Each structure stands twice: as C-alpha cells, then as structure tokens.
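**Student:** Sequence first, then the predicted structure, then my questions.
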Amino acid sequence: MTARLIDGKAIAAAMREALTTRVAALPFRPGLAVVLVGDNPASAVYVRTKDRAAEAAGIAAATIRLPAGITEAALLAEVARLNADPAVDGILVQLPLPQSIRAEAVIDLIDPAKDVDGFHPRNAGLLALGRPALVPCTPLGVMKLLEAAGVALSGRRALVLGRSSIVGRPLVALLLAADATVTVAHSRTRDLAAECRRAEILVAAVGRAEMVRGDWISPGATVIDVGINRLADGRLVGDVAFAECAAVAGSITPVPGGVGPMTIACLLENTVTAALRRR
Ligand code: GUN
C-alpha cells in the first residue's frame, strides 16, 4: 500500500470530544429522538450506536421503538408529537420503513428545524441552492474527512459515484459549494472506469461491494469509500477494492473506520446545531 490512510475513526473521535465540551457548556441539554419501526437487525444496530453516541456526548437521546405493523397514520401522529415536544431538538426516523408506509410522507412531516438527517425537501432545497441548511450526515461527514485530511477542493475534479438522495445528490451540492468541478456518475453511466480515472477526488456511494477497481484510480487521487457491504463470508467491505486502489491512490478511507464513524459524529453535530438555532 502506498496511499495515506484517512482515519475516520480518529477524526470522528476528535469531533465528538470537541462536541462533548461544547454541549457541557450549554445551559440546556439538547434532545434527540430516534424512531425505529420494526425489527430490521441492521437498523437496530445503527439506532443503538446513534443512541449511545448521543448520550456519551451529553445529548438526551430517546429511542422510540414502534411495531413493524404500525399504520402510516399512527407513525405520522408520532412524528407530529415529536415536532410539538419542546425538549426534542432533533428527529431521526431510521430508514428503511416497512413497505406499507410511504417514507416520503413521514419525512415531509418532520419539522425542518428538527430534521437532523437533512432529508426534508426544505433542507434538501436550501442545500441545492447553496443556502444554510441541515445537511445529511454522511455527505457532511465526507466533507469533514476531506477537510481534516487537508484535501484541496477548489477547482479540482471530483467524481461522485452514486446519485442517492441520502448521499450522492447532497454531496454534489457540498462539493460544488467548495468550488470543486463535480461530475456525477451512476448505474447508467457509459464507461464508469474512464470517468473515475479523470477524478482527482473520487467518492464511491453505490452500495456494490468492491466495484471500484485499482485501474479505475488516477495515481495520487483521494478515494473516499461510503459503501458498507456485507459479503457472504461475513466480511465488511466498501464499494472500493481497497488493496488494489490503495496501491494507486494518494490517500484513501478504510471500511470500516472511514466514513461510518463520521456519519455518527455529524448526526450529533446536527443535533447541537438544531438545538442552538431553535433555543
Ligand atoms: N438508513 C441508512 N442510512 C440512514 C441515515 O443516514 N438516516 C436514516 N434515518 N436512516 C438511514
């Protein structure tokens, strides 16, 4: 391996430590409500991780567990209750939701001022316009990783691989706001490899295990891997074939220990941001 490792775990730990100090100095305790519907095991793990991280930072975290069979109307009523609760600064409804519930209806009802996931159309629209907004945690974490790693963005060619509303699209807006020259590639892109080879900064967020190969990477490029994929043998890998790409890249994030910890740290930061704006 020749690439420098971008240590998301360490960068996130420093962020959380600074945040804990900030929270301790506040005259109130920020509140985060995490809503978990059903018993998706991966979601249960994520929610527990978020809850513990929040409590460790001094944020009052409450997990609201609802049955998989809950009606959309009942879930909407729960969101309305959290919107009205003055002790709740941040609301996060863990996705995916059961098929019978329209996720969009739920997201649209969350008070944009409490939308710590940044998924509400108001926040997405503000971000797209380059105006202050609550920004989705994973793309925000990617930007903070790039900043902490000292990666210059202005004028440089950045490629975002993936166009999801949770990662790809908001990341395009953030990279543009940082004056990068941004290309978005996706499943229908012709010659993905050639597009990747032009990138000085490559962010992979497609959810396909080890799709990005070593010969797709421009020598010296910065590679950020947002993917978390479980292989049949139980191993956790990203969207990037790590060993191959690390032999060519200038710097690279590992999976696990790259973007994942940053997502949690940014959720805590968004909760404090929302609390300070509201109170
Ligand atoms: N499911 C997978 N990622 C996320 C996320 O960032 N927020 C929420 N609410 N659910 C998710």
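**Tutor:** That came through fine. Keep in mind it's a predicted model, so treat the numbers as computed, not measured.

**Student:** ok, now how distant is the residue in the stretch 151-279 of the chain that the ligand sits nearest to from residue 215?
**Tutor:** Nearest residue of the stretch 151-279 of the chain to the ligand, counting by CB to the nearest ligand atom: residue 166, 5.7 Å away. Bear in mind the C-beta positions are built from the backbone N, C-alpha and C, glycine included. For residue 166, the distance to residue 215 (CB to CB, to the nearest Å) stands at 29 Å.

**Student:** More neighbours: these two, which one.
**Tutor:** Neighbour comparison, residue 166 and residue 215: the larger count goes to residue 166, with 18 against 12 (by other CB atoms under 10 Å).

**Student:** just checking, that one is part of a strand?
**Tutor:** No. Going by DSSP: H, G, I helix; E, B strand; the rest coil, the assignment for residue 166 is coil, not a strand.

**Student:** Per-residue confidence, it, what does it come out as?
**Tutor:** Note on residue 166: pLDDT of 97.

**Student:** Excluding chain neighbours, what is closest to it?
**Tutor:** Of all residues not flanking residue 166 in the chain, residue 136 sits nearest, at 5.9 Å (CB to CB, 6 or more residues apart in numbering).

**Student:** show me what contacts that neighbour?
**Tutor:** Neighbour list for residue 136: 117, 118, 119, 166, 167, 170 [criterion: CB atoms under 8 Å, 6 or more residues apart in numbering].

**Student:** so which residue of the chain comes closest to the ligand?
**Tutor:** With CB to the nearest ligand atom as the measure, residue 95 is the residue of the chain nearest to the ligand, at 3.7 Å.

**Student:** and the nearest residue to that residue once chain neighbours are set aside, how far is that from residue 261?
**Tutor:** Leaving aside its chain neighbours, residue 95 sits nearest to residue 103 (6.1 Å; criterion: CB to CB, 6+ apart). For residue 103, the distance to residue 261 equals 25 Å [CB to CB].

**Student:** burial of the residue lying closest to residue 80 once chain neighbours are set aside, as a residue count?
**Tutor:** With sequence-adjacent residues excluded and distances taken as CB to CB, 6+ apart, residue 80 is closest to residue 109, at 6.7 Å. Residues near residue 109, counting by other CB under 10 Å, number 18.

**Student:** mind checking how far residue 109 is from residue 182?
**Tutor:** For residue 109, the distance to residue 182 - CB to CB - is 31 Å.

**Student:** cool, residue 44 as well?
**Tutor:** 35 Å.

**Student:** So between the two, which is more surrounded?
**Tutor:** Just comparing residue 44 and residue 182: by other CB under 10 Å the higher neighbour count belongs to residue 182, 21 against 15.

**Student:** Tell me the strands beside the helix or strand where the more buried one lies, with direction?
**Tutor:** Secondary structure assigned from DSSP states H and E places residue 182 in strand 181-185. Applying DSSP bridges, strand 181-185 is found paired with strand 157-161 (parallel).

**Student:** what comes up buried for the partner strand?
**Tutor:** For strand 157-161, burial by neighbour count (16 or more other CB atoms under 10 Å) applies to 158, 159, 160, 161.

**Student:** give the contact list for the nearest residue to residue 65 once chain neighbours are set aside.
**Tutor:** Take residue 65 and drop its neighbours on the chain: the residue closest to it by CB to CB, 6+ apart is residue 36, 5.2 Å away. For residue 36, the contacting residues are 43, 44, 47, 63, 64, 65, 66, 94, by CB under 8 Å, 6+ apart.

**Student:** Look at residue 36 and give its secondary structure.
**Tutor:** Residue 36 ends up strand, using three-state DSSP.

**Student:** Output the contacting helices and strands for the very next helix or strand once past the strand holding residue 182.
**Tutor:** Later in the chain than strand 181-185, the nearest helix or strand by DSSP H and E is helix 192-197. Applying 3 or more CB pairs under 8 Å, 6 or more residues apart in numbering; DSSP states H and E, one finds that helix 192-197 contacts strand 157-161, strand 181-185.

**Student:** so which of these comes closest to residue 270?
**Tutor:** Of all the helices and strands packed on helix 192-197, strand 157-161 sits nearest to residue 270, with 20.8 Å by CB to CB.

**Student:** Fine by me, thanks again.
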